[in-house]
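[1] Fold the following.
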Amino acid sequence: MNQTIQVLVWLSVLTNALFIFLGIWIILKRGGLSYLAKRFPLLRKLGIKNMPESAFNFPYYDHRKSQLYLLPIHTSDIVFLGDSITDEGEWAELLNHPSIKNRGLSSDTTIGVLDRLSEIITTQPHKIFLMIGVNDLSNLGRSPVEVSQTYKEILAQIRARSPQTNVFIQSVLPVNRGMFLGSASNNDVRALNEQLQYLANEFSYPYIDLHSHFLDAHQQLDTKYTIDGIHLNGSAYQRWVKLIQPYILS
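    Prediction:
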């Protein structure tokens, strides 16, 4: 009898541990403390909503950020700036262009890009291809309008401090809600892209619609381009390259 009780106790402990692990994993995938902040107003009052996304992706975020800070950007360079979707692209090879510099940073947000923008525009690079904002929606719980306000600050700083730089505003890509564990909705993505088009007109920067080229029949990120509903596979990057190649060569 005692042995049976011990087995049942151990099974209970293991089951509880498994549920706790799964709960923590789901919360981290959905944005960690920022995800909880959207559910619990007390956490928002403590300022957790506005915590940088790097808090949920260390040490990679800080390690890569410190590395990028030390790598030079030249006036003739073409910079790809954004979050993990940019980070994971082998742009110089994909576009066969040695002057391309990848400044994508996994889990970054418009707030993070604004924070590290100075090191990118100090030397006034030739072009910047910008895609950022989905992590603001998914992990920080910000509205499309809030994201666009920070995005506008990014563009204003580039215009003021690097007026010779040609900026290309790339639309935020859709997500696949059947696969993606984050909280960003495609309605919010579309609303943000509308805001980005307004900003492109306001600053007279080209707006590149990538979004419509990655949709399936249900207006979600096509499963042939992803395995987790948000990040991209090789075929997706090949598709992306074909869409922006004219802007690279112009």
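
[2] How about the contacts made by R103?
    With contacts defined as CB atoms under 8 Å, 6 or more residues apart in numbering, R103 is in contact with L68, I73, V79, F80, L81, G82, T86, I120. C-beta coordinates here come from the backbone N, C-alpha and C atoms, glycine included.

[3] Specify the beta-bridge partners of the fifth one.
    Think L81. Beta-bridge partners of L81, counted by DSSP bridges, are R103, L130.

[4] one step back: can you redo the contacts of R103 as CSV with neighbour count, pLDDT and distance to V113?
    As requested, those are arranged in CSV below (neighbours: other CB atoms under 10 Å; pLDDT from 0 to 100; distance: CB to CB, whole Å):
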residue, neighbour count, pLDDT, distance to V113
L68, 18, 93, 12
I73, 20, 97, 14
V79, 23, 98, 11
F80, 23, 98, 12
L81, 26, 98, 6
G82, 24, 98, 7
T86, 23, 98, 10
I120, 23, 97, 9
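
[5] which one of those residues is nearest L155?
    Ranked by distance to L155 (CB to CB), the contacts of R103 are led by L81 at 11.7 Å.

[6] right, and the helix or strand after the helix or strand of the chain with the lowest mean pLDDT?
    For the chain, using mean pLDDT, DSSP states H and E, the weakest element among its helices and strands is helix 41-45, scoring a mean of 43. The C-terminal neighbour of helix 41-45 among helices and strands, as given by DSSP states H and E, is helix 60-70.

[7] What lies in contact with that following helix?
    Here helix 60-70 makes contact (CB under 8 Å, 6+ apart) with E53, S54, D87, R103, L105, S106, S107, D108, R116, E119.

[8] mind listing what H218 touches?
    No residues are in contact with H218 under the rule CB under 8 Å, 6+ apart.

[9] Just the local confidence number for it, please.
    pLDDT recorded at H218 is 96.

[10] Equivalent analysis for G23, please.
    At G23, the pLDDT value in this model is 61.

[11] start at 56 instead
    Yes, from this point I'll number from 56; that puts the last item at G78.

[12] hey, where'd the helices end up in this structure?
    When assigned using DSSP state H, the helices of the chain occupy the ranges 57-84, 88-94, 96-100, 115-125, 139-142, 146-149, 165-176, 189-193, 199-216, 241-258, 289-304.

[13] closest one to A272 among the ones you listed?
    Evaluated with CB to CB, these place helix 241-258 nearest to A272, the distance being 13.3 Å.

[14] Now that closest one: buried residues?
    N241, D243, V244, R245, A246, L247, N248, Q250, L251, L254, A255 (16 or more other CB atoms under 10 Å).

[15] likewise stretch 222-237?
    Residues of stretch 222-237 classed as buried under the neighbour-count rule (16+ other CB under 10 Å) are 222-231, 235-237.

[16] Please name the nearest non-neighbouring residue to the spatially most central residue of the chain.
    The chain has D138 as the residue nearest its centroid, 3.7 Å off, counting by CA atoms, centre = their mean. Across the structure, with CB to CB, 6 or more residues apart in numbering as the measure, the residue nearest D138 apart from its sequence neighbours is D163 (4.3 Å).

[17] Quick check: the gap between the one you found and T177.
    Computed with CB to CB, to the nearest Å, the distance linking D163 and T177 is 19 Å.
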